[in-house]
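Q: Using only what follows, build the 3D model:
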Amino acid sequence: MFVNVHPCPDFNYSLFKIAGLVLLCSCGNNRYEVWDTYRGSPDALQYSSLSQIDTSNVHLLTPAWTFHTGDSGQRTTIECNPIIVGNTVYLTSPTLHLIALDATHGKELWRYKPTGKEVASGINRGVTYWKDKGLEYIFFPAGKYMYAVNARTGSLIESFGDQGKIDLRAGLGQDTAKLSVTVTTPGILFKNILIIGSATGEGYNASPGHIRAYEAATGNLLWIFHTIPQKGEYGYETWAWIEGENYGGTNDWGGMSLDEKKGIVYVSTGSPTYDFYGANRVGANLFGNCIIALDAATGIRKWHYQAVHHDIWDYDLPCAPTLADIHWQGKDREVLLQPTKMGELLVLDRNTGEALLPSVEKPVPPSDIPGEQAFATQPYNQGILLTGQGWDTTDLTTLSDSARNYLKQQTRQYRAQGMYDPPSLNGTIGRPGTRGGMLWGGISFDPQSQTAFANCNDFPMIYQLEKVPSEAGDDLQHEGASRGQIVYALNCSNCHGADRKGATEAVPSLMGLSKRYSKEGLSKIITQGKGLMPAHTQFSSPDLNAMVTYLMNEPDSSATGKTERVQMNHKLPLEKYVLKSYKIFTDQEGFPASAPPWGTLNAVDMKTGQLKWQVPLGYYPKLKDRGFPNTGTQNFGGCVSTAGGLVFIGATADEMFRAFNVRNGAELWSYKLSAGGYATPSVYQVKGKQYVIIAAGGGNRNGTASADVYMAFALEGSR
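A: Below is the predicted model of the structure:
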């Protein structure tokens, strides 16, 4: 066995293969002893070689310090994976403040807060540190800007971009006023180049998700890779282009990984928009749902691998791939491990893109939605599968006979022909679904035991579409559609539903808004964001005003005059359909329709590709009290493994933070957080003392209470 560790900046790199040992760099630092990069290291291992906390003493773990950001609100959350540089922790708050803390006791050192028109909301999962010529940078994405902040003082570095920031909408080849772009997951640095992805929105008017690289010191754009190919570029012929249609998405929203030695950045993309209907984009749609290897210095494509063709299920590749060196079937291989929402762990040769586990193209059902041409085949991974795929009545819940009978009846009204059964007007059961499998938290890889650890969701969802009206008078609900209704349907119905009734506690109903907000207040929320919802800056004033007017009125009003009935200047180029809402298929009580566990923690031996163990992850108190303690819960956030033989993870709806034994999955320690820990923990050491820190921001898609807490844990009495 050998471990190819990521080199430190001062290391004159050469590769050594030392059986059973983790390689040290020449300056004496083990790369995995520090956590100065999102997910721990540029190779996204999510692993710490620190071992002061281990299986023999983890039961002595206690809170070392607690920090309150002071800015949580209704439905806010924290998904940040803090980085630690020296004795300073850098993290972000629910309303996107950048904060520096003393790593020993959690005291606030400084805070940068975007102000005025720059106020941002939404999600931030971390920041990027860079040092150049004695100046220390923190690259901090918030709203539509990327900021460069002095890591020592918290002030903007005004030599970067436009007085310390760059507009993330610029350079995408479109009018910036019509684009809504944010960066939820931090970029990655190769030498003096900052490479970023983006979150583009998921509606019909979403921005393109091209990959961009900037000169880190100045913010000048260096290169761009078109994830939606331009005419004359590779992959252009895999799309059916229609004049007047917008082509967006196909974006890297979950982060990237980097092989510094070879200068290759690995990008994982999501689906093209619209996520669930693609009549305007017939074809395979490269580079949607792809792993792409790019030359980090130039952006030139080296290879790609597409995991889903013409995605109409929102099966994004949700996180950066993990780069690992493993002893695979008798040979030393440099591999890439890509988690998917389909519950598959893809294993590719990271130099060539060759799949080391066979993937077989199989026919899939056609769509019955007018205009949609579902791709005829899809790749099925024949190797590592960590969730169920597809749906039938043998998968039904085991909680009670009444729940099973209810769900049997419900199942009859929906399509259910496998994982790639297209969305339909009556509804299609999809499993694992858009919130299933592995999500943005990624996986952890222990290079010593050659084991990958992954937390998964496994429950069915309902994909039901509804037609969008093309002009006033084309019925959607009853009396005809307004301009505001059309703008809402094309941009916002994905989350809040075509009926505006929301999906969960985390995605609220939009009914009765006139009783809670003025038109000005509602406009401000739309354009600046709130809670999980990012700012939407793409709307023209007429479109924004029309949508606000529509939202301030009840859709079922019998008085037609209460609906703004503005005649559109032209019909939409194609018929369009939208998802009614993100809907988990549940029993009468709201618990998933499938048999538990609904959330699991898994360990995979990467020498063989075999599952070592799987354990339920979390519980629902109501069900635990009824004798069902091991159901697992929907989980958000990632896990971290350590050389102490532990896997740390929060993520669950029961708001616990846990440590598991890497050998057998036994739970060795747990702590009840003040709110859900829907983030990936970080592991660091200061003055000989090891800490584990996690954000307890709550909220999120589990709909639990929100908070503003970061908690750091250490051994009781450790020096």
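Q: pLDDT at the closest residue to Leu50 other than its chain neighbours, what is it?
A: Setting aside the residues directly before and after it, Leu50 is nearest to Gln690 in space (Cβ to Cβ, 6 or more residues apart in numbering), at 5.0 Å. From N, CA and C alone the C-beta is placed, and that goes for glycine too. pLDDT, Gln690: 98.
Q: So Gln690 belongs to a strand, correct?
A: Yes - under DSSP: H, G, I helix; E, B strand; the rest coil, Gln690 falls within a strand.
Q: Enumerate every residue touching it.
A: Listed by Cβ atoms under 8 Å, 6 or more residues apart in numbering, the contact set of Gln690 reads Leu50, Gln52, Ile53, Val683, Tyr684, Ala714, Leu715, Ser718.
Q: give me that answer again for 10 Å
A: Contacts for Gln690 (Cβ atoms under 10 Å, 6 or more residues apart in numbering) come out as 33, 48, 50-54, 61, 64, 642, 644, 683-684, 713-715, 718.
Q: Please pick the buried ones from those.
A: Neighbour-count burial within the contacts of Gln690 applies to 33, 48, 50, 52-54, 61, 64, 642, 644, 683-684, 713-715, 718; the criterion is 16 or more other Cβ atoms under 10 Å.
Q: Among these, find the lowest-pLDDT one for me.
A: For these, the pLDDT minimum is Ser718, 64.
Q: what's the distance between the residue sitting nearest the centre point of the chain and Leu91?
A: In the chain, the centroid-proximal residue (Cα atoms, centre = their mean) is Trp440; its distance is 3.4 Å. Plainly put, Trp440 is 17 Å away from Leu91 if you go by Cβ to Cβ, to the nearest Å.
Q: Ok, Asn553 next?
A: Distance from Asn553 to Leu91, by Cβ to Cβ: 41 Å.
Q: more neighbours, those two?
A: When Asn553 and Leu91 are compared for neighbours, Leu91 comes out ahead with 25 against 18, by other Cβ atoms under 10 Å.
Q: Could you give the bridge partners of that one?
A: Beta bridges link Leu91 to Ile99, judged by DSSP bridges.
Q: Got the confidence number for it?
A: 98.
Q: Would you agree it is in contact with Leu101?
A: Yes - Leu91 lies in contact with Leu101 (Cβ atoms under 10 Å); the separation is 7.0 Å.
Q: Quickly list what's touching both of those two.
A: Phe67, Pro82, Ile84, Ile693, Tyr710.
Q: Bridging across strands, which residues link to the third one?
A: On DSSP bridges, the residues paired with Ile84 through beta bridges are Val89.
Q: What about it, how many residues nearby?
A: The number of residues packed near Ile84 is 22, by other Cβ under 10 Å.
Q: From Ser444, how far off is it?
A: Plainly put, Ile84 is 17 Å away from Ser444 if you go by Cβ to Cβ.
Q: Likewise for the last one?
A: Noted for Tyr710: a distance of 20 Å to Ser444, by Cβ to Cβ.
Q: cool, and Asn455?
A: Taking Cβ to Cβ as the measure, Asn455 falls 9 Å from Ser444.
Q: all helices for this structure, in order.
A: 401-411, 483-491, 493-496, 519-528, 541-551, 621-624 (DSSP state H).
Q: among these, which is nearest Thr633?
A: helix 621-624 (9.6 Å; Cβ to Cβ).
Q: Buried residues in the closest one, which are they?
A: Leu623.
Q: quick one: low-confidence ranges for the stretch 1-150 of the chain?
A: Within the stretch 1-150 of the chain, the segments meeting pLDDT under 70 span 1-29, 116-120.
Q: go again using 80 as the cut-off
A: Along the stretch 1-150 of the chain, the parts satisfying pLDDT under 80 run over 1-29, 115-121.
Q: who's in contact with the nearest residue to Gly161 once chain neighbours are set aside?
A: Once flanking residues are discounted, Gly161 sits nearest to Gly219: 3.3 Å by Cβ to Cβ, 6+ apart. Applying Cβ under 10 Å, 6+ apart, we find Gly219 in contact with 139, 146, 148, 157, 159-162, 164-167, 194.
Q: what's the most buried one of the helices of the chain?
A: helix 483-491 (a mean of 24; mean count of other Cβ atoms under 10 Å).
Q: Now do that helix: which elements does it pack against?
A: strand 465-468, helix 541-551, strand 576-579 (3 or more Cβ pairs under 10 Å, 6 or more residues apart in numbering; DSSP states H and E).
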